[in-house]
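Asks: this one's structure only:
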């Protein structure tokens, strides 16, 4: 059986567009397009195992929900703040910025069309390497072993920048102290925001330990000046980059709170109740709105608190779990057996719970 084509020539002098059944070889079905100049291109191929391959970008809004393994890919959640100097860790939720030499500056900025926010990194003198990365928990990676995945990101730079991307896996389950590279490549980022994609076939068994997407400006070299902006980051199963997986703000916030939860009540605001165990010690019980990944560590301002009229300081957590924990305070002038009200005495008063990878 020879190949047959149902065609429409688009006014072209040569080449065709239409549907082509390639019965003479492997039985695939193709949809072709053509330019007005007559250049024909296969746009969609359906093979005899019913797998569909697209030659270009699939624009499919409001479909394929929860396909994105990246959390906060649109850079909308910033519980820790919106600007950082040499952070050496997490900035926008789930996004770590690491460096050697002098650390860069990081800020929330307005995003390109279709995105409210982007993460912007500014190079500084003395920097020798900058890495922007997200670590993906093992429970969100297990099904990717042996499969093809596609990464996409919307990137721009103040000057042309050769950007290295790396997909790697943790060499122990959810332990990213060391990683093994799966694939790497480069994107030539310009002053115009563009979507960049990379497809990686056949993820190894180690992907079940957890994945890390790593983005390095200047090919992992010194980043001493200029800016780069990132948003719309997606990692999905399949060989084609599809439309970005927009999730409701509240849903994205809860996904972030599995790893980090921040309480910043504001100056003079009542935060919680505390049980006064002695004249110098009390505990305040916190229930997490979202179950945390592991029992969290405490991130808090030591002072800037008042309990029962006494100035108090945070000293740690006690009897914690992924659902609830006690925060310990110390002060003088407490009366054992009573209940006190915890108040913030500064706009910068903060208590955070950290279960990050």
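Replies: Thanks, I have it. Bear in mind the structure is a predicted one, so any value in this text is a computation, not a measurement.
Asks: For the rest of this, base every contact and every neighbour count on C-alpha atoms.
Replies: Fine.
Asks: ranges for the helices of the stretch 1-150 of the chain?
Replies: In the stretch 1-150 of the chain, no helices are defined using DSSP state H, counting those that start in this stretch.
Asks: And the strands in the stretch 251-357 of the chain, which stretches?
Replies: 260-263, 270-276, 281-287, 297-300, 305-307, 310-318, 324-330, 339-344, 351-354 (DSSP state E, counting those that start in this stretch).
Asks: Give me whichever of these is most buried.
Replies: Ranked by mean neighbour count, the strands of the stretch 251-357 of the chain are led by strand 305-307 with a mean of 24 (mean count of other CA atoms under 10 Å).
Asks: what distance separates that one from the centre of its chain?
Replies: In terms of CA atoms, centre = their mean, to the nearest Å, the centre of strand 305-307 is found 35 Å from the chain centre.
Asks: Residues contacting it, please?
Replies: Outside strand 305-307, the residues that touch it by CA atoms under 8 Å, 6 or more residues apart in numbering are 274, 311, 312, 313, 340, 341, 342, 343, 344, 345, 346, 349.
Asks: strands paired with that strand, and their directions?
Replies: Its sheet considered, strand 305-307 pairs with strand 310-318 (antiparallel), strand 339-344 (antiparallel) by DSSP bridges.
Asks: With distance to residue 301 added, can I get those strands in TSV?
Replies: Below are the strands paired with strand 305-307 laid out as TSV (distance: least, CA to CA, whole Å):
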stretch	distance to residue 301
strand 310-318	7
strand 339-344	10
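Asks: Show me how the chain divides into domains.
Replies: 4-54, 83-257, 260-354 (automatic domain parsing).
Asks: is it possible to export the ones you listed to a markdown table including distance to residue 72 and mean pLDDT?
Replies: A markdown table is the format used below for the domains of the chain (distance: least, CA to CA, whole Å; pLDDT from 0 to 100):
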| stretch | distance to residue 72 | mean pLDDT |
| --- | --- | --- |
| domain 4-54 | 27 | 66 |
| domain 83-257 | 6 | 97 |
| domain 260-354 | 13 | 93 |
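Asks: Could you export the ones you listed as TSV, including distance to residue 67?
Replies: Formatted as TSV, the domains of the chain follow (distance: least, CA to CA, whole Å):
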stretch	distance to residue 67
domain 4-54	17
domain 83-257	6
domain 260-354	20
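Asks: So for residue 71, which of those sits nearest?
Replies: The closest of the domains of the chain to residue 71 is domain 83-257. By CA to CA, the value is 6.7 Å.
Asks: Between its first and last residues, how far does that closest one reach?
Replies: End-to-end distance for domain 83-257, by CA to CA, to the nearest Å: 20 Å.
Asks: what's the burial count for residue 171?
Replies: 19 (other CA atoms under 10 Å).
Asks: nope, residue 56 is what I was after
Replies: Neighbour count for residue 56, taken as other CA under 10 Å: 12.
Asks: for residue 132, same thing?
Replies: Residue 132 - counted by other CA under 10 Å - has 21 other residues nearby.
Asks: Could you list which residues are in contact with it?
Replies: So residue 132 contacts 95, 96, 97, 98, 214, 215, 216 (CA under 8 Å, 6+ apart).
Asks: Return the subset of these lying in strands.
Replies: 96, 97, 98, 214, 215, 216 (DSSP state E).
Asks: Is the last one in contact with residue 123, as I believe?
Replies: Pointing back at residue 216 there. No. Counting by CA atoms under 8 Å, residue 123 is not a contact partner of residue 216; they are 11.8 Å apart.
Asks: Confirm residue 208 sits in a helix?
Replies: Yes. According to DSSP: H, G, I helix; E, B strand; the rest coil, residue 208 belongs to a helix.
Asks: okay, now it: neighbour count?
Replies: Residue 208, neighbours per other CA under 10 Å, totals 23.
Asks: dump the residue contacts of it.
Replies: If a contact means CA under 8 Å, 6+ apart, then residue 208 has 138, 139, 141, 142, 143, 144, 145, 169, 173 as its contacts.
Asks: OK, contacts around the last one?
Replies: For residue 173, the contacting residues are 138, 208, 209, 210, taking CA under 8 Å, 6+ apart as the criterion.
Asks: out of those residues, which is most surrounded?
Replies: Greatest neighbour count in the contacts of residue 173, by other CA under 10 Å, goes to residue 210: 25 neighbours.
Asks: any idea how far residue 182 is from the nearest residue to residue 46 once chain neighbours are set aside?
Replies: Counting by CA to CA, 6 or more residues apart in numbering, residue 46 lies nearest to residue 52, which is 4.5 Å off, once chain neighbours are set aside. Distance of residue 52 to residue 182, given as CA to CA: 25 Å.
Asks: Residue 32 now?
Replies: For residue 32, the distance to residue 182 - CA to CA - is 34 Å.
Asks: quick one, which of these two is more surrounded?
Replies: A side-by-side neighbour count of residue 32 and residue 182, using other CA under 10 Å, places residue 32 first with 21 against 18.
Asks: mind listing what the residue nearest to the more buried one when sequence neighbours are not counted touches?
Replies: Once flanking residues are discounted, residue 32 sits nearest to residue 42: 4.2 Å by CA to CA, 6+ apart. Shown in contact with residue 42 (CA under 8 Å, 6+ apart): 30, 31, 32, 33, 55.
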